[in-house]
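**Q** Attaching a predicted model along with its sequence, questions to come.
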Amino acid sequence: MSLEAILFNKSDKDNLSVKILDQLLLPYVTKYIPIYNIDDGYITIKKMQVRGAPAIAMVGALSVLLEIQLLNSEQYSFDQCNYDASSWELLKEQLHKRLEYLLSSRPTAVNLGNALHDISNILDNADNISSLKEEVFNYTCKLLENDIKDNVTMGNNGARHLLSLLEKEDFHSDFGVLTICNTASLATAGYGTALGVIRSLWEDSKQKTANGNNNMAKMAHVFPLETRPYNQGSRLTAYELVHDQIPATLIPDSSIAYRIMTSPLPIKAAFVGADRIVRNGDTANKIGTFQLAVICKQFGIKFFVVAPRTTIDNKTHTGDGIVVEERKAEEFKLVSGTLVHAETFDPILDEDNMPISAKVGVAPPEVDVWNPSFDVTPHEFIDGIITEVGVFTKNNNGNFALTELF
Ligand SMILES: CSC[C@H]1O[C@H](OP(=O)(O)O)[C@H](O)[C@@H]1O
């Protein structure tokens, strides 16, 4: 099992605990940090210690569950925080406000909003704090269980779809794929979305190799983009591909077209995740996704969005309605990482024998920057939307029919 972004200990239902992997320190440092309440959920999501639309939703829901656990415990003194427990209605009103605060941590990824909307409905129908805790516990457990199950189903759906397309075009050899950002175990409860398809394609390749089926289309190489400025591709996806021993070559975001043109093997698809898919199929995803889609269209390479139903926004009609989060300028002007020896790449350790995190400046402090965390890819550039329900492709008018997902 590769790294887990979220550790949820539910062995004692009266003493639930959650830890999240601090992804700002990867790939050199593996450090889990505890979550105790909604404030911790907000901070770890805002700082992107945990990131990835599905993982954000799960950590958000878990932080609400832990806050309810606190409110349900005798030793918790209500005057320590925001709650007036003199009435159940007052407490519910305040908890609704806390959900809105949590939602503001990352506005573009719809999964968090969908999860908090569900929890808000549970809250509206709850009669007391202990029944509320039971309902939110059951909801959150289901959210985590369904995420992994759906990711494996989605991965197999996507692999099967691409291989059948290649069969139809009479393509029977090794191929490469592209991917951007991190859409794997570090962005979900496990297996991943776009990288889940790549994991399924790799399982298929290994099976074909073991059976000696050398005259069949099989994925042989992955080209992950580094994904500036947060480097989810170089720090996280490359890490997961190395862990899974999937052949991969990390490439600069700026090299996509040249990589396709000079690739030693044909590149047949790009698989990307999503933070929000709206009714017409326009998709918000990591900044750089739209230009990857444009380049794929130029080269006739299939471009697939991979996302579970929890990433669907069925209220917004087109991409124009999507709020794109802009991150702080420092996240662009400074590159965060771990101090390593230039030759050996071994982390340099401090007096406590711990790796040293550092930021290096790569731009003049005075310069203005534009640092959108996402972009919006119009559905015209998307060849298919891969979900756990199935693969959705456009009709002859070039439109997606996604009502089954709403
Ligand atoms: C399955 S993760 C979906 C999505 O989330 C990532 O964004 P971030 O790392 O800023 O949370 C990226 O856009 C992934 O494609």
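**A** Alright, I've got the coordinates.
**Q** Near the ligand, which residues of the chain? Just list them.
**A** 51-54, 181, 183, 187-188, 193, 232, 273-275, 285-286, 373 (C-beta under 6 Å from any ligand atom). Where you see a C-beta, it was placed from the backbone N, CA and C, and this is true even at glycine.
**Q** Just those residues: which are in helices?
**A** Among the residues of the chain next to the ligand, the ones falling in helices (DSSP state H) are 53-54, 232.
**Q** With neighbour count and pLDDT as extra columns, can I get the residues you listed in a markdown table?
**A** Putting those into a markdown table (neighbours: other C-beta atoms under 10 Å; pLDDT from 0 to 100) gives the following:
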| residue | neighbour count | pLDDT |
| --- | --- | --- |
| Ala53 | 28 | 96 |
| Pro54 | 31 | 97 |
| Gln232 | 27 | 97 |
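**Q** which of the residues you listed lies closest to the ligand?
**A** Taking C-beta to the nearest ligand atom as the measure, Ala53 is the one of these closest to the ligand, at 4.0 Å.
**Q** What backbone torsions are found at Val323?
**A** Here is the backbone geometry of Val323 (degrees, to the nearest 10): phi -80, psi 120.
**Q** wait, it sits on Ala109?
**A** No: Val323 is not in contact with Ala109 according to C-beta atoms under 8 Å; the separation is 10.6 Å.
**Q** Please compare the two by neighbour count and tell me which comes out ahead.
**A** For Val323 versus Ala109, neighbours defined as other C-beta atoms under 10 Å are more numerous around Ala109 (28 against 11).
**Q** got a pLDDT number for the more buried one?
**A** You'll see Ala109 listed with a pLDDT of 93.
**Q** Verify the contact between it and Asp275 for me.
**A** Yes: using C-beta under 8 Å, Ala109 makes contact with Asp275 at a distance of 4.2 Å.
**Q** what sits in contact with each of those two?
**A** Contact criterion C-beta atoms under 8 Å, 6 or more residues apart in numbering; residues shared by Ala109 and Asp275: 53, 311.
**Q** Just give me the neighbour total for the residue nearest to Ile322 when sequence neighbours are not counted.
**A** Closest residue to Ile322 apart from its sequence neighbours, by C-beta to C-beta, 6 or more residues apart in numbering: Ala284 at 4.8 Å. Neighbour count of Ala284, defined by other C-beta under 10 Å: 29.
**Q** same check, this time on Ser86
**A** Ser86: 9 neighbours (other C-beta under 10 Å).
**Q** which SS state does it fall under?
**A** Classification of Ser86 by DSSP: H, G, I helix; E, B strand; the rest coil places it in coil.
**Q** in stretch 282-301, what's buried?
**A** Within stretch 282-301, the residues that count as buried by 16 or more other C-beta atoms under 10 Å are 282-293, 295-296, 301.
**Q** Just want the residue of the protein that's nearest the ligand.
**A** For the chain, C-beta to the nearest ligand atom, closest residue to the ligand: Gly273, 2.7 Å.
**Q** Now that that residue has come up, it's in contact with Val306, right?
**A** Yes: between Gly273 and Val306 there is a contact at 6.1 Å, judged by C-beta under 8 Å.
**Q** Find the residues that touch each one of the two.
**A** 183, 193-194.
**Q** could you pull out the strands for the protein?
**A** For the chain, the strands defined by DSSP state E cover 6-9, 17-21, 32-35, 174-179, 218-224, 267-272, 276-277, 283-286, 302-306, 334-338, 357-361, 374-377, 384-386, 391-392.
**Q** which residues does the residue nearest to the residue of the chain closest to the ligand when sequence neighbours are not counted contact?
**A** For Gly273, ignoring the flanking residues on the chain, the nearest one in space by C-beta to C-beta, 6+ apart is Thr183 at 3.4 Å. Thr183 makes contact with 52, 192-196, 237, 271-273, 306, according to C-beta under 8 Å, 6+ apart.
**Q** now do Asn72
**A** Counted by C-beta under 8 Å, 6+ apart, Asn72 has contacts 129-130, 133.
**Q** for those, which one is nearest Leu65?
**A** Taking C-beta to C-beta as the measure, Leu65 lies nearest Lys133 of the contacts of Asn72, at 7.3 Å.
**Q** residues in contact with that closest one?
**A** Neighbour list for Lys133: 65, 68-69, 72 [criterion: C-beta under 8 Å, 6+ apart].
**Q** So for it, what's the pLDDT?
**A** Lys133 is assigned 97 on the pLDDT scale.
**Q** Quick check, central residue of this protein?
**A** The chain has Gly52 as the residue nearest its centroid, 2.5 Å off, counting by C-alpha atoms, centre = their mean.
**Q** Output the lowest mean pLDDT helix or strand found in this protein.
**A** Every helix and strand of the chain was ranked by mean pLDDT, DSSP states H and E. The lowest is strand 334-338, at a mean of 92.
**Q** neighbouring contacts of it?
**A** So strand 334-338 is contacted by 24-25, 28-29, 229, 231, 235, 347, 355-362 (C-beta under 8 Å, 6+ apart).
**Q** From those residues, keep the buried residues only.
**A** Among those, those buried by neighbour count (16+ other C-beta under 10 Å) are 24-25, 28, 229, 231, 235, 347, 355, 357.
**Q** So which of the contacts of strand 334-338 is the closest to Lys206?
**A** For the contacts of strand 334-338, the nearest to Lys206 is Arg235 (26.1 Å; C-beta to C-beta).
**Q** thought Gln23 was touching Val50?
**A** Yes: under the criterion of C-beta under 8 Å, Gln23 makes contact with Val50 at 6.4 Å.
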